[in-house]
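Peer 1: Compute the structure for the input listed below.
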Amino acid sequence: NHLLFEEEFSPQLEIRWQKMNNIGSSPPKSIFKRIKKTVAPLHEQPLPSAWSFLKKNYDAICYSRSSKQHFDTGLCICKQCKTIILFQLSNQEKKSGLLLVDCLKSLSCHGPFGKPDFWSLQDFQLRLPSDYALIDYSFAPGLTRISFRSPLLILHTCKLGPADARLRYQPLEEILRSLADIPDLPIQLSEDGNCCEGHRTPTIGRQLILRLKRVKPFVRAIIQHNTENNRLLAIVLESLQPIPPEVSHSICNNYEIIKT
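Peer 2: Take a look at the predicted model:
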């Protein structure tokens, strides 16, 4: 939720955003009063005519650090999804203002409601139902892990590489058990050896024990060896309820390395 644009290590533009589901019908000015308590005093400025495109989708207000300056700070609130976008220019150069306009024209805080969300990051892409929301991410060397939450499921997507180096020291099944954090996860390996799947469906007694430990009892996990790109792609689904296999297969079918 934070972008910083630099030129020769000098900050030019900063954009922050956050979805606020509890703001209701609060007007932008009252919201900004709460936000700007943590920043220097700001003076409201008229919205530039070049920014009229914002009014279609956002409630927008511009501010400046000095009453004698042009705006350098602004607040946009999406009329549909209530995402707050806060931007700040680091200088008054014309090219910084043009950069800001171009950036805001390219930003979108939501897709068509009810349509799948498309995620594209690094060298892979993923398409998920719109009820999955991003909750966590980790970019460790050789391992990218991004987590989502839906009303019934927790989804962890993992990309590992290089695959050949990892598979020299650990078989595919053990890598999947490690990602799912279940050492005894039952695993079924595909005939070609490039994919394996595991799932945990505990007994009622075991479910109670896991729930007391605040652990989701039902787990379904899949890992695939993408030999063409030397990557491992995995997903781990967790739930309080049994997970149909078609749910995990549907996600895997829309999780792939981008071909460049």
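Peer 1: neighbouring strands for the helix or strand containing residue 84, and are they parallel or not?
Peer 2: Taking DSSP states H and E as the definition, residue 84 sits inside strand 83-89. Strand 83-89 has its sheet partners listed here by DSSP bridges as strand 10-19 (antiparallel), strand 73-78 (antiparallel).
Peer 1: quick one: which of these is nearest residue 224?
Peer 2: Relative to residue 224, the nearest member of these by C-beta to C-beta is strand 10-19, separated by 31.6 Å. Bear in mind the C-beta positions are built from the backbone N, C-alpha and C, glycine included.
Peer 1: what residues does that closest one touch?
Peer 2: 1-6, 81-91, 96, 99-100, 103, 107, 109 (C-beta atoms under 8 Å, 6 or more residues apart in numbering).
Peer 1: Any chance of CSV for the strands paired with strand 83-89, columns mean pLDDT, mean neighbour count and distance to residue 232?
Peer 2: Listed next are the strands paired with strand 83-89 as CSV, based on pLDDT from 0 to 100; neighbours: other C-beta atoms under 10 Å; distance: least, C-beta to C-beta, whole Å:
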stretch, mean pLDDT, mean neighbour count, distance to residue 232
strand 10-19, 80, 16, 31
strand 73-78, 82, 22, 37
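Peer 1: circling back to that earlier point, are any of the contacts of strand 10-19 buried, and which?
Peer 2: Buried by 16 or more other C-beta atoms under 10 Å: 82-90, 96, 99-100, 109, out of those.
Peer 1: mind showing which ranges of the stretch 1-150 of the chain have poor pLDDT?
Peer 2: Within the stretch 1-150 of the chain, the segments meeting pLDDT under 70 span 21-41, 65-71, 91-97, 111-115.
Peer 1: What segments of it are helices?
Peer 2: Remark: helices assigned in the stretch 1-150 of the chain by DSSP state H, counting those that start in this stretch are 28-35, 94-106.
Peer 1: now the strands for the stretch 151-260 of the chain?
Peer 2: With DSSP state E, counting those that start in this stretch as the criterion, the stretch 151-260 of the chain has strands at 153-160, 187-189, 195-200, 218-226, 231-239, 255-257.
Peer 1: Return the list of strands paired to the first one, each annotated with direction.
Peer 2: When you say that, I think you mean strand 153-160. With DSSP bridges as the test, strand 153-160 pairs up with strand 143-149 (antiparallel), strand 231-239 (antiparallel).
Peer 1: so the longest one versus strand 195-200, what angle?
Peer 2: Right, strand 231-239. 20 degrees (axes from the mean of the first three to the mean of the last three C-alpha atoms, to 10 degrees).
Peer 1: Is it possible to get JSON lines of the buried ones among the contacts of strand 10-19 that adds distance to residue 229?
Peer 2: Converted to JSON lines, these look like this (distance: C-beta to C-beta, whole Å):
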{"residue": "82", "distance to residue 229": "38"}
{"residue": "83", "distance to residue 229": "33"}
{"residue": "84", "distance to residue 229": "37"}
{"residue": "85", "distance to residue 229": "34"}
{"residue": "86", "distance to residue 229": "37"}
{"residue": "87", "distance to residue 229": "36"}
{"residue": "88", "distance to residue 229": "39"}
{"residue": "89", "distance to residue 229": "40"}
{"residue": "90", "distance to residue 229": "38"}
{"residue": "96", "distance to residue 229": "38"}
{"residue": "99", "distance to residue 229": "33"}
{"residue": "100", "distance to residue 229": "36"}
{"residue": "109", "distance to residue 229": "31"}
